[in-house]
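Student: Turn this into a structure:
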Amino acid sequence: MNSTFIVRAQYLITMNKKEQIIENGAVVVKDGRIADVGEFGEILKKYKEQIPIYGNSHSALMPGFINTHTHAAMVLFRGIADDLPLKQWLNEHIWPREAKFLSEEFVYEGTLLACIEMLKTGTTTFNDMYFFTESIAKAAKDAGIRAVVGQGVLDFPTPSGSGAKDYLVKAEDFIKNFKSDDYIIPAVAPHAIYTCSRETLLSCKELALKYNVPMHIHLGETFQEVEESINRHGLRPVKYLDSIGFLEGKIIAAHCVWLNQEEIEIMAKHNVGVSHCIESNLKLSSGIAPVAKMIRKGVKVSMGTDGAASNNNLDLLEEISIAAKVQKGITADPTVLDVKTCMKMLTIWAAEGLGLEKEIGSIEVGKKADMILMNLRKPHLQPIYDIYSAIIYSAKASDIEDVFVNGVPVILNGRAQFIDEDEIIDKALWWSERIKNS
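Tutor: The predicted structure follows:
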């Protein structure tokens, strides 16, 4: 396709520092980056030569959503063990099946299915923690989605490695191979404080600092994790990590359900980003994170879906709508998580949490052209008085029709452009038969 093109919309939602919305706006994309932003008529005057135009006068153009915590390949375990607490769900259902089925092929095909789902629901970047990272990266690149890929690190063996030292070697090799990739951002992903020793956690930190890559960890997900940390270390999870010097560099912490005020202040002090996974936390009855308190203290909170095995979908629009309403309910304050804050959580705050705010998260000249177009001509979206409100409280993922990543249209009219959806669904059905009959 032409490397230069225009995308127009009724509402151009920039998510820049001025929180600018341009009515009848347009973006010029050139060689994968945003070359110009402005009013559609003015853009047409400046670019008189024949340039392809996407979009229309009844759509909203915004930065692509960023899913800051998931385990993409686990989509192949969607619905396999529902209505259970986290430990039972993991110990009795997920880990035994991972031990049996985890492989390069499983991870590639599961991740590819997840990538289609994420792209079609407006996600243009996802932050993954899993194993067989080369397979995750290949699936993401084949689908045309951006991915932060973290090698999972634990103190026990899995089909992908023999233990912490082995995972760390794999993590370093992966970082070296993908450090300059256009689509893949390598990361180090120590699983949690209850699966990683002090030595393992600090080795992960050293590796991340050595290569200046993000770290991705589960933190404070359950009350049991807090109790176990107090019993083992004499400290709550965040204080424990602070005490051992782990909280350095760029860290994104998933869940953070059971944080007290002191821990929130520690997180803010060290600029630790938080990925809020409300649907997974509700479904596993893990609790509800104090998101409003975190935001008030300056913690950059973004949204994650967790894996589809505990969600059971990868739809960030559904996630943010539930998150906003739950926070209003538990705080008895209708002003918390207002619609503008929610949009930041899906875009620029998520980019900041991953250390990618210079490249993605807003529509600004020079940034990578990761954008989504939403069709507003739908009964459930009309009339529109506040475009943020329409997106957060009324829109459905199916309203997102066109998706651009790195300046490439990867979804057009709701269809994936580079992968055969039917073929991937057939492979998912094949995996489900194997898993069911095991």
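
Student: From residue 367, how far out is the residue nearest the centre of the chain?
Tutor: Centroid-nearest residue in the chain, with C-alpha atoms, centre = their mean: residue 67, separated by 1.4 Å. Distance of residue 67 to residue 367, computed by C-beta to C-beta, to the nearest Å: 18 Å. To be clear about C-beta, it is placed using only N, CA and C from the backbone, and glycine gets the same treatment.

Student: What is the neighbour count of the nearest residue to the residue nearest to the centre of the chain once chain neighbours are set aside?
Tutor: The spatial neighbour of residue 67 that comes closest, neighbours along the chain excluded (C-beta to C-beta, 6 or more residues apart in numbering), is residue 126 at 4.2 Å. Residue 126 has 28 neighbours, counted by other C-beta atoms under 10 Å.

Student: Report the secondary structure element holding residue 126.
Tutor: Residue 126 belongs to strand 123-130 when assigned by DSSP states H and E.

Student: Against which helices or strands is that strand packed?
Tutor: If you count contacts as 3 or more C-beta pairs under 8 Å, 6 or more residues apart in numbering; DSSP states H and E, strand 123-130 packs onto strand 65-70, helix 104-120, helix 133-143, strand 146-153, strand 215-219, strand 400-405.

Student: If we use 6 Å, what do you get?
Tutor: strand 65-70, strand 146-153 (3 or more C-beta pairs under 6 Å, 6 or more residues apart in numbering; DSSP states H and E).

Student: what about it, distance to the chain center?
Tutor: 5 Å (C-alpha atoms, centre = their mean, to the nearest Å).

Student: what's the average pLDDT for it?
Tutor: The average of the pLDDT scores along strand 123-130 is 98.

Student: List the buried residues of it.
Tutor: Using 16 or more other C-beta atoms under 10 Å as the test for burial, strand 123-130 gives 123, 124, 125, 126, 127, 128, 129, 130.

Student: Repeat that for stretch 217-232.
Tutor: For stretch 217-232, by 16+ other C-beta under 10 Å, it's 217, 218, 219, 220, 221, 222, 225, 226, 229.

Student: Of these, which is the nearest to residue 141?
Tutor: residue 217 (25.1 Å; C-beta to C-beta).

Student: So what sits opposite that closest one in the bridge?
Tutor: Beta-bridge partners recorded for residue 217 (DSSP bridges): residue 253.

Student: does it really touch residue 193, like I thought?
Tutor: No. Counting by C-beta atoms under 6 Å, residue 217 sits too far from residue 193 to count as a contact (8.0 Å).

Student: And the contacts of the strand holding residue 126?
Tutor: 64-73, 118, 136, 146-150, 152, 189, 216, 316, 370, 405 (C-beta atoms under 6 Å, 6 or more residues apart in numbering).

Student: okay, and the helix or strand of the chain with the least pLDDT?
Tutor: helix 86-88 (a mean of 85; mean pLDDT, DSSP states H and E).

Student: Check which residues of the helix or strand following that helix are buried.
Tutor: Where DSSP H and E defines the elements, the next helix or strand beyond helix 86-88 is helix 95-101. Across helix 95-101, burial judged by 16+ other C-beta under 10 Å covers 97, 98, 101.

Student: which secondary structure element contains residue 430?
Tutor: Going by DSSP H and E, residue 430 is part of helix 421-436.

Student: now residue 266
Tutor: helix 261-269.

Student: what's the angle from that helix to strand 215-219?
Tutor: 170 degrees (axes from the mean of the first three to the mean of the last three C-alpha atoms, to 10 degrees).

Student: can I get the CA coordinates of helix 261-269 in CSV?
Tutor: Written as CSV, here are the backbone C-alpha positions of helix 261-269 (Å, rounded to 0.1, in the frame of the first residue of the first chain):
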residue,chain,number,x,y,z
GLN,A,261,-2.0,3.8,51.7
GLU,A,262,1.7,3.4,52.6
GLU,A,263,2.2,1.0,49.7
ILE,A,264,0.4,3.3,47.3
GLU,A,265,2.8,6.1,48.3
ILE,A,266,5.8,3.8,47.8
MET,A,267,4.5,3.0,44.3
ALA,A,268,4.1,6.7,43.5
LYS,A,269,7.6,7.5,44.8
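
Student: Which strands and helices lie in contact with that helix?
Tutor: Looks like helix 261-269 contacts helix 237-243 (3+ C-beta pairs under 6 Å, 6+ apart).

Student: which of the residues in the helix it packs on are buried?
Tutor: Going by 16+ other C-beta under 10 Å, helix 237-243 has these buried residues: 237, 238, 239, 240, 241, 242.

Student: neighbouring contacts of that helix?
Tutor: 193, 219, 220, 229, 233, 247, 263, 266.

Student: Where does pLDDT dip in the chain?
Tutor: Counting by pLDDT under 70, the chain shows low-confidence ranges at 1-2.

Student: Going along the chain, name the helices of the stretch 151-300 of the chain.
Tutor: Ranges of helices in the stretch 151-300 of the chain, per DSSP state H, counting those that start in this stretch, are 164-178, 198-211, 223-233, 237-243, 261-269, 278-283, 291-296.

Student: Out of those helices, which gets nearest to residue 410?
Tutor: Here helix 164-178 is closest among the helices of the stretch 151-300 of the chain (C-beta to C-beta), at 19.5 Å.

Student: Can you name the residues in contact with that closest one?
Tutor: 133, 151, 153, 155, 161, 184, 186, 188, 200, 203, 211, 213.
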